[in-house]
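**Q** The following block contains a protein sequence and its predicted model.
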Amino acid sequence: QVEKTWWKEAIVYQIYPASFSDSNGDGLGDVRGIINKVPYIKSLGVNTIWLSPIYASPQKDMGYDVSDYRSIHAPYGTVEDVQELIDLLHANDIRLLMDLVVNHTSDEHAWFKESRSSKTNPKRDWYIWRDPKYDARGQRKEPNNWASIFGGPAWQFDEHTGQYYLALFLPSQPDLNWESEDMRRAAHDDMRFWLDRGVDGFRIDSMNLMSKHPDLPDGKIINEEPYQSGAEFFASGPRMHDYIREMRTKVFDKYNIMTVGELGFTKDENSVREYVAKDRHELNMLFTGDIVDMDFGVEAKYGRNDFHPRKIRHLTNLWQEAMPKFDGWNTVYLDNHDSGRSITRYASDAPEYRASSAKMLATYLTTLSGTPFLLAGQEIGMANLGKEYGAEAYIDVEGKNYYNKVLKARGGEVGQMGDVLRELQLKARDHGRLPMQWDSSANAGFTTASEPWMIVNKDYTEWNVESQLDNPGSVMGYWKEMIAMRKKMADLFVYGSYVALSEEDTGEMVLGYERVSQTGQKAVVLLNFSDAEQKVLKQFEHLTLLFSNQDESCVGDGEVVLQPFGAVVLYSA
Ligand code: TEU
């Protein structure tokens, strides 16, 4: 029997602050913009918001480079505005999760400025500093061969003190040294600053990177590149779980909050168990990156690799079946601000299939065990920028770094970059950050400025909130019904057990599973991940149609006919 708690019943709506709603016409979203949209958010039925970082930041990585955890990036607003937002959300029974980015800071954070000022500064060991190495010819080298996740070396040389500092993301995002107790105490204080203001929890950024192997060994050589991943020495390192337990006992346990850890690189069941098994008392839930990586290349995100429904079957079964073994809990998500939109990547954004695809994926997200997370815009079927957009449309640092690296390797021949552009069109982080499409007016009603901070997808004239608001048949109408159903039938859809249907039962293009409640209610969910009709030849006795994104004639005697990207939920009480 699964224990009931509010965070298992949460339905989380992720807001990327720059792109949600601009209240003051400067082209950038802001806190006041979110405040203005609270009635809309409430109308969807979601009960929790995850807000990507809004702290003071030079914005080299869109706020994931924090220069002061206790103040707000001025164009977004003030701490008082955030307090107003928190109070308004609470008055509407909506909770707020903030993004906690404490694996690294900005190089403009006061801590780093002090740390880099001298080798004897008391904050020197708040970051990871090492002496250079020298090769046979006496050339200065990095302390090890690790690559930055955004390209290039993970070490940056600082002339002033003649040492390198570790920066796993951008050079301007130095990694904090969690081995320093003083540093940990300061981070804990900053967490309390927000919890004391009523924040209901944190999505913890790059959580499993906080503990590095103390010897910082060279990473395994896996390709010809000058720098190698090294993740085996910085992901889920030796003291990782101590740091989480300390955070819990010293900070989190004093509040009724929820925690969700972001875990890139940690993909095996046993490691995941250590973070979320109930008896470990660490995190409430986590994001295993694998579900957003299903079409990533073997070595790198932008390597070619097609999505196949078999992958989502494998990962869904893996995590749905794993969690109950250790009384753990998980998230259910397909989209975030770090990649392309799921409709484009895992279903279809072709005009004839787009709405069905959006609804089919909504069915997936709302009928599984785990806390669903949707990215703002998903509820109206927002998709990637189309193929008519060239490389210049992509402004995020991750995709740009990759593009420029390949361009250089190919001698600057822009004409030969078609394959890389295709990868950006699928997976670039820009797609997950597109301005919200509110209506069909200029710039989708996102801003009154003539120049929004980033490109607005021109499909907004057709795909926007206003056109779907009063339309029960729309993608938004479907999401609202699915969310309401999940809440109403929580014993089944939130707390029920999961039983996989095999590929033999459903055919390879259909994902199928059952949910069964304690009292014997049962749902069968069938999702067609292809653009062809699929027949599931199976007798589902006593089951009636509960929900579908296609017309009702789909259930026959001993067969269910799924239209392209069709979704069918059968039910028996
Ligand atoms: O992402 C962590 C991370 O590992 C990313 O590199 C992710 O794998 C990649 O973006 C996929 O394309 C988090 C945040 O979600 C991301 O926005 C930040 O840039 C990053 O941390 C650094 O804070």
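**A** Everything's here; your move. Numbers count the residues shown, from 1 in each chain.
**Q** give me every residue that touches residue 95.
**A** Contacts here follow C-beta atoms under 8 Å, 6 or more residues apart in numbering; on that basis residue 95 touches 6, 10, 47-49, 89, 200-201, 258. From N, CA and C alone the C-beta is placed, and that goes for glycine too.
**Q** are any of those buried, and which?
**A** With neighbours counted by 16 or more other C-beta atoms under 10 Å, the contacts of residue 95 contain buried members at 10, 47-49, 89, 200-201, 258.
**Q** Check the contact between residue 563 and residue 532; I expect there is one.
**A** No: under the contact definition of C-beta atoms under 8 Å, residue 563 does not touch residue 532, with a separation of 9.2 Å.
**Q** between the two, who's got more neighbours?
**A** For residue 563 and residue 532, the more surrounded residue by other C-beta atoms under 10 Å is residue 563, and the numbers stand at 20 against 10.
**Q** In space, what's closest to the more buried one - neighbours in sequence excluded?
**A** Taking C-beta to C-beta, 6 or more residues apart in numbering as the measure, residue 563 lies nearest to residue 550, with 4.6 Å between them; neighbours along the chain are not counted.
**Q** Also residue 71?
**A** Residue nearest to residue 71 in three dimensions, not counting chain neighbours: residue 56, with 4.5 Å by C-beta to C-beta, 6+ apart.
**Q** Just list whatever residues bridge to the one you found.
**A** Residue 56 forms beta bridges with residue 68, as assigned by DSSP bridges.
**Q** Could I get the contacting residues of it?
**A** Contacts for residue 56 were tallied using C-beta under 8 Å, 6+ apart; they are 66-68, 71-74.
**Q** 7 Å - rerun?
**A** The contact partners of residue 56, by C-beta atoms under 7 Å, 6 or more residues apart in numbering, come to 66-68, 71-73.
**Q** Same check on residue 474?
**A** Residue 474 makes contacts with residue 468, as judged by C-beta under 7 Å, 6+ apart.
**Q** before we move on, the earlier item: and of the contacts of residue 95, the nearest to residue 145?
**A** Distances from residue 145 to the contacts of residue 95, taken as C-beta to C-beta, are shortest for residue 201 (37.0 Å).
**Q** what about the closest residue to residue 309 other than its chain neighbours, distance to the ligand?
**A** Across the structure, with C-beta to C-beta, 6+ apart as the measure, the residue nearest residue 309 apart from its sequence neighbours is residue 529 (3.8 Å). Taking C-beta to the nearest ligand atom, to the nearest Å as the criterion, residue 529 is separated from the ligand by 22 Å.
**Q** confidence score at residue 529?
**A** In the predicted model, residue 529 carries a pLDDT score of 98.
**Q** again with residue 552
**A** 68.
**Q** The one 10 residues further on now?
**A** We have a pLDDT of 97 for residue 562.
**Q** residues in contact with it?
**A** Taking C-beta under 7 Å, 6+ apart as the contact definition, residue 562 lies against 510, 526, 528, 533-534, 536, 554, 568.
**Q** Write the ChimeraX selection for whichever of the residues you listed are buried.
**A** To isolate the buried subset of the contacts of residue 562 in ChimeraX, counting by 16+ other C-beta under 10 Å, use the following:
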select :510,526,528,534,536,554,568
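**Q** Distance of the residue of the stretch 1-150 of the chain found nearest the ligand relative to residue 203?
**A** Of the residues in the stretch 1-150 of the chain, the one nearest the ligand is residue 64, at a distance of 3.3 Å by C-beta to the nearest ligand atom. When C-beta to C-beta, to the nearest Å is applied, the distance between residue 64 and residue 203 equals 12 Å.
**Q** Please apply the same query to residue 470.
**A** With C-beta to C-beta as the criterion, residue 470 and residue 203 are 32 Å apart.
**Q** any idea which helix or strand comes after the top helix by length along the chain?
**A** Ranked by residue count and defined by DSSP state H, the top helix of the chain is helix 309-325. Helices and strands here follow DSSP states H and E; after helix 309-325, the next one along the chain is strand 331-332.
**Q** Could you check the pLDDT of the residue nearest to residue 71?
**A** On the pLDDT scale, residue 56 is placed at 98.
**Q** Okay, and which of the buried ones among the contacts of residue 95 map to helices?
**A** The helices in this structure, assigned by DSSP H, contain residue 89 from the buried ones among the contacts of residue 95.
**Q** pLDDT on the helix or strand where residue 34 lies, on average?
**A** Per DSSP H and E, residue 34 falls inside helix 31-36. Mean pLDDT, taken over the full extent of helix 31-36, equals 98.
**Q** Only alpha carbons, please: show the helix or strand just after it as CSV.
**A** Remark: after helix 31-36, the chain's next helix or strand is helix 38-44, criterion DSSP H and E. What follows is helix 38-44, C-alpha atoms only, in CSV (Å, rounded to 0.1, in the frame of the first residue of the first chain):
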residue,chain,number,x,y,z
VAL,A,38,-2.4,32.8,-11.8
PRO,A,39,-6.1,32.6,-12.7
TYR,A,40,-5.1,30.9,-16.0
ILE,A,41,-2.7,28.5,-14.2
LYS,A,42,-5.4,27.6,-11.7
SER,A,43,-7.9,27.0,-14.5
LEU,A,44,-5.7,24.2,-15.8
